[in-house]
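Peer 1: let's see this in three dimensions:
(2 chains)
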Amino acid sequence: MPKEPVAVVGVGQTKHVAARHDVSLAGLVREAAVAALKDAGLTWADIDAVVIGKAPDFFEGVMMPELYLADALGAVGKPMLRVHTAGSVGGSTALVAANLVAARVHRTVLTLAFEKQSESNAMWGLSLPIPFQQPLLAGAGGFFAPHVRAYMRRTGAPDTVGSLVAYKDRRNALKNPYAHIHDPGITLEKVQSAPMLWDPIRYSETCPSSDGACAMILTDRAGAGRSPHPPAWVHGGAMRSEPTLFAGKDFVSPQAGKDCAADVYRQAGISDPRREIDAVEMYVPFSWYEPMWLENLGFADEGEGWKLTEAGVTELDGDLPVNPSGGVLSTNPIGASGMIRFAEAALQVRGGAGEHQVDGARRALGHAYGGGAQFFSMWLVGAEPPTR
Amino acid sequence: MRDVAIVAFAQTDHLRRTDELSEVEMLMPVLHQVLDATGLRTSGIDFTCSGSSDYLAGRAFSFTMALDGVGAHPPISESHVEMDGAWALYEAWVKIQTGEADTALVYAYGKSSPGQVRDVLTRQLDPYYTAPLWPDSVALAALQAQALIDAGDTDESALTAIATRSRAAAADNPHAQLSGEVPAGDYLVRPLRTGDCPPIGDGAAAVILAAGDTARALCERPAWIRGIDHRIEAHGLGVRELTESPSTRLAAERAGVFERPVDTAELHAPFSSQEVVLRKALGLGDEVSVNPSGGALAANPVMAAGLIRLGEAAARIHRGESDRALAHATSGPCLQQNLVAVLEGESTHA
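Peer 2: Numbers count the residues shown, from 1 in each chain, chains lettered A, B, ... in the order given. Predicted coordinates for the structure are as follows:
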């Protein structure tokens, strides 16, 4: 029996900010969940199961927070699963929820991811000593900067490309009321003159620390038929993992990312992603990852990704808009960031992205990655139900 | 639903301390055992899922290194739950139900020895109102045990009998941490004595799942998962009736436990008093062999102990010692979240 088609009928986000002092963790997740239910025209009673994800428990200092959050998410008496796949977790969580519907185990599932970085300190959470391992003590940017440098050397990309991405994403964020960083005075010169943090990554090319949550309601064909707003249909979804460190690893373009994209395109019947996909929500925590992932995801040949960025192809009005929402660069509640990419892709094909809507978007890719660029999760959503 | 079976199971010897081993080193032997038992290699596994906890490991992203032990190049389709490995098995079962996978490797591990697990588990509690008081897991279980005694559901000697039976059963389990004669011991937190409480230790487990004819080809007598379900209850102990486990009851109904009698039940009851609650919720009579492995009172590697219940139940079916077994896993304080599965040998599948 073929899989049940899966539809996204509700999307909810909190306003993402540096510190949500007005809500508890429970209040934060409930705000996103209630917004998603409202969008779907459903109530708590319509939800069969809850799938929740977030990045490390150390970021808020709550071990297995799904236990404490069960009440706030209406999960009492229901199945509740907790996913944790590092930075890719928001995407992985959505895929686990989608599988519950696709397998016909449940008909309507609430999936949610969150991070409340203000209740702890992510850098501290990542800096606990690890037995048997050499400490890196360089932060996330310190880990990724050498790989950006390797990309520049390999492709000959001029050192101006990273700032173009940051300038674009921060301008896009101004059109997204939920985005964390709203800087109406943004200019390219401001981005370019920001202090260097981890050469070649400037402060202006890094993601913020955000509090926020994102929720989606996934349902089957019958559920989609009752949806008050157009659903987004899942045409393909996949996860791929590879080890953190091994001799053959290509940190610039990891094989796991290539394989994951290829699997999603195969499921969705996409042969030319550059032409057939209308919008991309890509996990870009440091600006240079846009050109790098353009190649990794098959939108550009090797060495050519930066040329798309430089030519304006990835601008909101370009022919392959990347991160119309402003992306991770403008909003980073870590555990939720992947799900926001998946949800924003869904909003695009539902025509519900507001001011940052890509005109006529019919197919959109949501992308997330995590760990040392070792965990990948992606989905492709469309305005029409899948035919295969 | 597709027919899916547990076709291989392996666990470490569970030990009070494993200072000389990293988590990956602890895990590697059990991964090799289940692969060798089936003849599969990583390239022949369609989906991999694991369960563990960063808080036990004392650091963020602790599971990322465990992946190295799996051999993930070329890249694999893989996921992780920050839960007991029983829920990783559930995620893998769902993946096989979608038709996207025919085989799955599931593993779980936990080392309690580097920290104070009683203190660590307090960090699971409501972070604003409860966790700051540091109520530890034994104290919370003692509240539940006292509520059971007050309700007339058990008494201290009945609890001791559960502990005695479990550890006697563990004498036949070479992996168990505690086995044989144990005295009831002193009170740890009244009314629970040391004998009513689980040992603290380190361990890992791995399982291979397979669908339909693949399962038959990999295992002489597959342990078919006839039903599996899990449910969660409210977090606050003040809003729960601690002598009951409605989530276990509901999960068992959904898993089809009550359709026919089971002959074996592997219950994840780290405290003797919790077996009383679970037996009642599951309607288990004296004719059912409960925890023939010794259960969590004999070895309780946190995050793996639930997966081990599924593995132990499956292994009894593999060996022909059971035809229809129930396996249970729990998470959270005082049995907050519970998973129930029904496993059967081929002969009873009409």
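Peer 1: for the residue nearest the centre of chain A, what are its contacts?
Peer 2: Nearest to the geometric centre of chain A sits residue A:338, at 2.5 Å (C-alpha atoms, centre = their mean). When contacts are counted by C-beta atoms under 8 Å, 6 or more residues apart in numbering or on different chains, residue A:338 touches A:53, A:87-94, A:113, A:283, A:366, A:368, A:370, A:377. In short, each C-beta sits where N, CA and C put it, glycine included.
Peer 1: need the helices for chain A, in chain order.
Peer 2: Using DSSP state H, the helices of chain A run over A:25-40, A:66-69, A:89-102, A:122-126, A:139-155, A:161-173, A:188-192, A:221-225, A:255-268, A:273-276, A:289-296, A:305-310, A:327-330, A:334-350.
Peer 1: now the angle from the first one to helix A:334-350?
Peer 2: If I follow you right, that is helix A:25-40. Taking axes from the mean of the first three to the mean of the last three C-alpha atoms, to 10 degrees, one finds helix A:25-40 and helix A:334-350 inclined to each other by 10 degrees.
Peer 1: and helix A:25-40, what's its mean pLDDT?
Peer 2: For helix A:25-40, mean pLDDT is 98.
Peer 1: is the lowest-mean-pLDDT helix or strand in chain A anywhere near chain B?
Peer 2: Across the helices and strands of chain A, mean confidence by mean pLDDT, DSSP states H and E is lowest for helix A:122-126: a mean of 73. Yes: contact of helix A:122-126 with chain B (C-beta under 8 Å from any C-beta of the partner chain) involves A:125-126.
Peer 1: so how far is that helix off the chain centroid?
Peer 2: Offset of helix A:122-126 from its chain centre (C-alpha atoms, centre = their mean, to the nearest Å): 20 Å.
Peer 1: and stretch B:184-198, by the same measure?
Peer 2: In this view, stretch B:184-198 has its centroid 22 Å away from the chain centroid, taken as C-alpha atoms, centre = their mean.
Peer 1: for stretch A:248-259, same thing?
Peer 2: The answer for stretch A:248-259 is 19 Å, by C-alpha atoms, centre = their mean.
Peer 1: which parts of it are buried?
Peer 2: Buried residues in stretch A:248-259, counted by 16 or more other C-beta atoms under 10 Å in any protein chain shown: A:249-259.
Peer 1: what bridges to residue A:382?
Peer 2: residue A:233, residue A:363 (DSSP bridges).
Peer 1: closest residue of the stretch 251-388 of chain A to chain B?
Peer 2: Of all residues in the stretch 251-388 of chain A, residue A:256 sits closest to chain B, at 3.7 Å by C-beta to the nearest C-beta.
Peer 1: related to what we said a few turns ago, now do the least confident helix or strand of chain A: which elements does it pack against?
Peer 2: Under the contact criterion of 3 or more C-beta pairs under 8 Å, 6 or more residues apart in numbering or on different chains; DSSP states H and E, helix A:122-126 touches helix A:139-155.
Peer 1: name the surrounding residues that touch the helix it packs on.
Peer 2: Contact with helix A:139-155 is made by A:123, A:126, A:136, A:157, A:159, A:162, A:197-201, A:206, A:251-252, A:285-286, A:288-289, A:291-292, A:302-306, A:372-373, as judged by C-beta under 8 Å, 6+ apart.
Peer 1: at 6 Å instead, please
Peer 2: Applying C-beta atoms under 6 Å, 6 or more residues apart in numbering or on different chains, the set of residues contacting helix A:139-155 from outside is A:197-198, A:200-201, A:251-252, A:286, A:288, A:292, A:303.
Peer 1: mind checking how far residue B:109 is from residue A:93?
Peer 2: 22 Å (C-beta to C-beta, to the nearest Å).
Peer 1: now residue B:86
Peer 2: From residue B:86 to residue A:93 the distance is 19 Å (C-beta to C-beta).
Peer 1: residues from chain B in reach of chain A?
Peer 2: B:22, B:54-55, B:59-61, B:64, B:67-68, B:72-73, B:75-83, B:91, B:94-95, B:97-98, B:123-124, B:126-127, B:230, B:232-235, B:332, B:336 (C-beta under 6 Å from any C-beta of the partner chain).
Peer 1: which among those residues end up buried?
Peer 2: For the residues of chain B next to chain A, a neighbour count by 16+ other C-beta under 10 Å gives the buried set as B:22, B:54-55, B:59-61, B:64, B:67-68, B:72-73, B:75-83, B:91, B:94-95, B:97-98, B:123-124, B:126-127, B:230, B:232-233, B:235, B:332, B:336.
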